[in-house]
Structure formats: C-alpha cells, structure tokens
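> I would like the atomic coordinates for the input below:
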Amino acid sequence: MRAQLGEREGQSMESKVAVITGASSGIGRAIAERFLDDGYRIVVMARTEEALQEIKARAPDKVVVVLGNVTDASDLNRLVDAAVSAYKSVDVVIPNAGAAKVVSFVESDPEAIADQFNLNFVAATETVRKFLPHIAKGGSVIFITTFLTTVGFPGLAIYNSSKAALKSFAQTLAVELAPAGIRVNSLAPGPIATPLWGKAGLPADALEAVAGQINARLMQGAFGEPADIAETALFLASPAAKFIYGQEIVVDGGYTIG
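Take a look at the predicted model:
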C-alpha cells in the first residue's frame, strides 16, 4: 500500500483525481463542478444518471460517471473499480451522499435509526475504507457533516447523531492515516439552499416557518449556496490546508454564533 501511496505525490493539479458521491445535485454537484473547473479529473456517483451526464458534458475526458447507491456494497465496489481502472489511484475522496429525515423521538425506532446511520455514517466510512488502498500519498479525505452537530433541532436527533458519529470518526481516522500521508477532515455545512431541504419530511408551511427562523440567525439573513461549501472543500483538499488534520470546518453563515 505504501508504495502505491507514493506514486502520485508531487503531481500537478491537472492530473489529480477526486471522487465525489451524491454528486447529482446540491452540495455534491457543486463540489464536483468546482473541482472539475479547478483542473481535477473526477469520478462521480449518484442514483440519477441524467444529472451525472450533465457534469460529464462539461469535460467528457475528465469525468467518470458511475450510477449507483452508496448503501449497496456492490455499487461501491464498482465505483472503486471504475476509478482505479481510469486513473490507477485517487487523491481526494469526498463521501458526500447523505440525507436528513425529520423523525420524532417517539418514532425513532431501531429501523429508523438504522436507515439514517446506514446512509450517513456506514456508507460514508465504507466508501473511504474501500478506496483506502488507492489513495495517493498527500491525498485528502473530506467527510460532510453538519452544523447541527453543535446545536439541537427538533426531529433531527437521528440525523444529527449520525453526523456527530461521522465527525468523531474523522478525528480518529485523521490520526490513523496521517502516517500514510493522508489528511482527514470534516466539512460542516450550515443552512444551504439545496434539494435536500425540501426532502426532510416537513410540509411546505412548516418548512417556510423554519426557514424564517433560521434566516433570522444568519449573518447575511439568507441560506448559503452549495458553491460556498464547494469552495471550502477545494481549500481543504489543497496544499494550502496541508497543516489541517482532524478538524471540522463549519460553514454556516454564523448560525452557531448567533
């Protein structure tokens, strides 16, 4: 593994490879497009092929599309195989795929808990574990957590807990992988205007009311954009962040300090 890890060290940005899951919309798509614009070659995975093909159309020779579900082990294996077949090794892994579902404590039975943990925690860590033998020395892993690991929000106990577990996991993994020359960090988006917001399971009027309450706490008075998260992800993957290990970078428009 160590011999392989050293193969890509010192290469130019134009030859680096990033893998992004959940890349068909929202934050994942913004990250994929931003890395592509910066010169990366990318491997993208999601369940919606049309959106992935739209990304590929921006630079057909620099995008590998894999259709699949990150909770399916065989799909993750295909993702790794496709990336390795195309590029031999990778430099950045961003297991972005995830979902928030509003579930009251009364309804938080083991099945509901397993459903969100399987997607938000297990699938994210499995994505990295399967790619680990193929991450180049000097590479970076960026987990996507949430600002809600530091504040309470009714109905999101399961979601918040799954992301808090991921945050803790990233801190420990950072220590474990540092000797191999791989940095691990987390990126915690705050209120971001993405399709995920509308899929939380709340009726439209409740979503509007919650959005108003959130906006009142944001320094700019409005939700952030996926591009705000993509820019931070690009920084964390860059040499400019070479001294950052095991941190959770919160990009939340000031919500957690308001």
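
> Every contact and neighbour count from this point should use C-alpha atoms.
OK.

> pull the helix or strand with minimum mean pLDDT from the protein.
Lowest by mean pLDDT, DSSP states H and E among the helices and strands of the chain is helix 2-5, with a mean of 38.

> hey, C-alpha coordinates of the helix or strand following that helix in CSV?
Remark: after helix 2-5, the chain's next helix or strand is strand 17-21, criterion DSSP states H and E. Extracted C-alpha coordinates of strand 17-21, given in CSV (Å, rounded to 0.1, in the frame of the first residue of the first chain):
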residue,chain,number,x,y,z
VAL,A,17,-8.3,12.8,-9.1
ALA,A,18,-11.3,13.5,-6.9
VAL,A,19,-14.1,11.1,-6.1
ILE,A,20,-17.5,12.6,-5.1
THR,A,21,-20.6,10.6,-4.1
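
> Can you give the contact residues for strand 17-21?
Strand 17-21 is contacted from outside by 28, 31-32, 35, 40-46, 70, 83, 87, 89-97, using Cα atoms under 8 Å, 6 or more residues apart in numbering.

> In its sheet, which strands sit next to it, and in what direction?
Sheet pairing of strand 17-21 (DSSP bridges) gives strand 41-46 (parallel), strand 90-94 (parallel).

> Low-confidence stretches in the stretch 51-200 of the chain?
194-200 (pLDDT under 70).

> just the helices in it please.
Counting by DSSP state H, counting those that start in this stretch, the stretch 51-200 of the chain has helices at residues 73-87, 110-117, 123-131, 157-177.

> Using JSON lines, lay out the strands paired with strand 17-21 together with mean neighbour count and distance to residue 118.
Shown next, in JSON lines, are the strands paired with strand 17-21 (neighbours: other Cα atoms under 10 Å; distance: least, Cα to Cα, whole Å):
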{"stretch": "strand 41-46", "mean neighbour count": "27", "distance to residue 118": "16"}
{"stretch": "strand 90-94", "mean neighbour count": "27", "distance to residue 118": "17"}
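
> could I get these as a markdown table with distance to residue 181?
Formatted as a markdown table, those follow (distance: least, Cα to Cα, whole Å):
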| stretch | distance to residue 181 |
| --- | --- |
| strand 41-46 | 21 |
| strand 90-94 | 11 |
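
> Out of the ones you listed, which is closest to residue 257?
Distance to residue 257, taken as Cα to Cα, is lowest for strand 90-94 among the strands paired with strand 17-21, at 26.8 Å.

> chain center to the closest one: distance?
11 Å (Cα atoms, centre = their mean, to the nearest Å).

> Helix 73-87 and that one, what's the angle between them?
150 degrees (axes from the mean of the first three to the mean of the last three Cα atoms, to 10 degrees).

> hmm, who's touching strand 90-94?
With Cα under 8 Å, 6+ apart, strand 90-94 has contacts from 8, 16-21, 83-84, 128, 131, 134-144, 237.

> ok, now stretch 36-55?
Stretch 36-55 is contacted from outside by 13-25, 29, 32-33, 35, 59, 62-70, 79, 83, 97, using Cα under 8 Å, 6+ apart.

> Try it again at 6 Å.
Applying Cα atoms under 6 Å, 6 or more residues apart in numbering, the contact partners of stretch 36-55 are 13-14, 16-24, 62-69.
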